[in-house]
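In: output the structure for:
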Amino acid sequence: MVRKDSDKGNTGKAEGSRAASGRRSSIDFTEGKILFPLLRFVFPVLIALFLQALYGAVDLIVVGKFAGAEDVSAVSTGSQIMLTLTNLMSSLSMGITIFLGQKIGEKDAEAGGRIVGAGICMFVGIGMVLTLLVPLLSGGLAGIMQAPEEAFDLTKSYIRICGFGSLVIILYNLIGSIFRGLGDSHTPLMTVLIACICNIAGDLLLVAVFHMGAEGAALATVFAQMISVIISLVLIRRKTLPFAFALKDIRPDKAIIGKIVGLGIPIAFQDLLVGISFLVVLAIVNSLGLVASAGIGVAEKVCAFIMLVPIAFMQAMSAFVAQNRGAGKIDRAIQGLKIAIGVSVFFGVIMFAVTFFRGDMLSLIFANDVQVIAASADYLKAYAIDCLLTCFLFCFIGFFNGMEYTGFVMAQGILGAFLVRVPVSFLMSRIEPVTMFRIGLATPCSTVLQITLCFFYFAWFQKRRANRKPKTE
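Out: Modelled structure (predicted):
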């Protein structure tokens, strides 16, 4: 009997330890200081984003070193299409991040299991549809992107292979969205780390050893994320969640799915159209030839790294603001926005200097061809300017997402993309001599419009608050 009691006591201590560990991995943004908890959340997000950017960049690095320019073009064009679809799903899953964050702020954690279960049911269904649809449309997508003739078949194959892994890619991103809503940025970091390691190993094996080029890079991407999802699910089962979750919760709850869709669709639609605008720019550059196509592909991989800090703060702002909105602490949410912008600007200045003056050095990481590096560096000079602007824009977007003003987020993104980015890039591609720098200026020009809209909308938001009668927000 004594031994059983002792075992029971030890078990209780172990469970208590796991529960404490689960609480430590999540952050309550509604109490205490702002800066250090925010940075403690941002840092794992930043590392995860870095690894995810590295994850995508590894394909291009290995292909650039061990294959030809046609493989580089195929990976850059094909990965841009898949990135657009992935971002669409990731943006839609922001509905879960925001909804879950609000419930945590309201101290209504009991709703968490139902939200997660309904979200899983919804996204598995979407993933199954895309798994069938994307491979069937691979040729059409490569044609729309005006993939160079030399790289057309490889681009088609890359899209088809990645398309078959759509369900895995969606689950991979869904896991991160759920835990960011809980204020836990460590678990998503773990899933990305696993995927990054597996992808590097897969690329080296299939591209460097077996010389499978773009097709090998696509296979490595899908299998790496599959392994990551499987391992992550095993690890997550051992975590103590702040709510009860069981298999019975995985069901199509109409009310919850409606809320997730209502929050996520505007963000996803905005990201889809913005992604399409970048695909249009890529198609415009592709029409200029193979060197330009490979050059912008390399530049986009570099941009994936230089934009990490503002993107990290955007994700952090969504979780931070959602929790404080749920707790009725709007002033605290606004203070967090100001702090996030200040820190983000500091890093933005550094990234501007490095990208503008040493874009060739950054491009050299992804390619060996002198002409491709020169084209990439020229394009990056324009993107360097955007580093100074996105520090404001992305923090505002995170703030408005957390406040549920996702309709405005959608509107400003679409206006910037189709009133400025696409027309300016097309115009610059017709002005002789055509340069990558001029085409690249379309992006910071669109960001200027978006920031202006954000400032006006924030001023309206503050005025509306001031006109309200004093009451709990």
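In: remind me which helix or strand the nearest residue to G398 once chain neighbours are set aside belongs to.
Out: Nearest residue to G398, sequence neighbours excluded (CB to CB, 6 or more residues apart in numbering): M317, at 2.7 Å. To be clear about C-beta, it is placed using only N, CA and C from the backbone, and glycine gets the same treatment. If you go by DSSP states H and E, M317 is part of helix 308-326.
In: for that helix, packing partners?
Out: helix 35-66, helix 94-105, helix 166-181, helix 330-357, helix 370-402 (3 or more CB pairs under 8 Å, 6 or more residues apart in numbering; DSSP states H and E).
In: next secondary structure after the first one?
Out: Going down the chain from helix 35-66, the next helix or strand is helix 69-92, by DSSP H and E.
In: output the contacting helices and strands for that next one.
Out: Partner elements for helix 69-92 (3+ CB pairs under 8 Å, 6+ apart): helix 35-66, helix 112-144, helix 152-164, helix 166-181, helix 213-237, helix 254-286, helix 290-306.
In: JSON lines for those, including mean pLDDT, mean neighbour count and distance to V409?
Out: Listed next are the helices and strands packed on helix 69-92 as JSON lines, based on pLDDT from 0 to 100; neighbours: other CB atoms under 10 Å; distance: least, CB to CB, whole Å:
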{"stretch": "helix 35-66", "mean pLDDT": "80", "mean neighbour count": "21", "distance to V409": "19"}
{"stretch": "helix 112-144", "mean pLDDT": "90", "mean neighbour count": "18", "distance to V409": "20"}
{"stretch": "helix 152-164", "mean pLDDT": "93", "mean neighbour count": "23", "distance to V409": "27"}
{"stretch": "helix 166-181", "mean pLDDT": "80", "mean neighbour count": "24", "distance to V409": "16"}
{"stretch": "helix 213-237", "mean pLDDT": "84", "mean neighbour count": "21", "distance to V409": "27"}
{"stretch": "helix 254-286", "mean pLDDT": "81", "mean neighbour count": "20", "distance to V409": "6"}
{"stretch": "helix 290-306", "mean pLDDT": "79", "mean neighbour count": "26", "distance to V409": "21"}
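In: any idea which of those helices gets closest to K338?
Out: Proximity to K338 (CB to CB) singles out helix 35-66 among the helices and strands packed on helix 69-92, at 10.6 Å.
In: ok so, going back, okay, angle between the helix holding M317 and helix 94-105 too, please.
Out: Interaxial angle of helix 308-326 relative to helix 94-105 (axes from the mean of the first three to the mean of the last three CA atoms, to 10 degrees): 50 degrees.
In: how far does helix 308-326 sit from the chain's center?
Out: 13 Å (CA atoms, centre = their mean, to the nearest Å).
In: now the angle from that helix to helix 290-306?
Out: 50 degrees.
In: now do the contacts for the residue nearest to V281 when sequence neighbours are not counted.
Out: Of all residues not flanking V281 in the chain, S425 sits nearest, at 4.5 Å (CB to CB, 6+ apart). For S425, the contact set (CB atoms under 8 Å, 6 or more residues apart in numbering) comprises V280, V281, I284, I439, A442.
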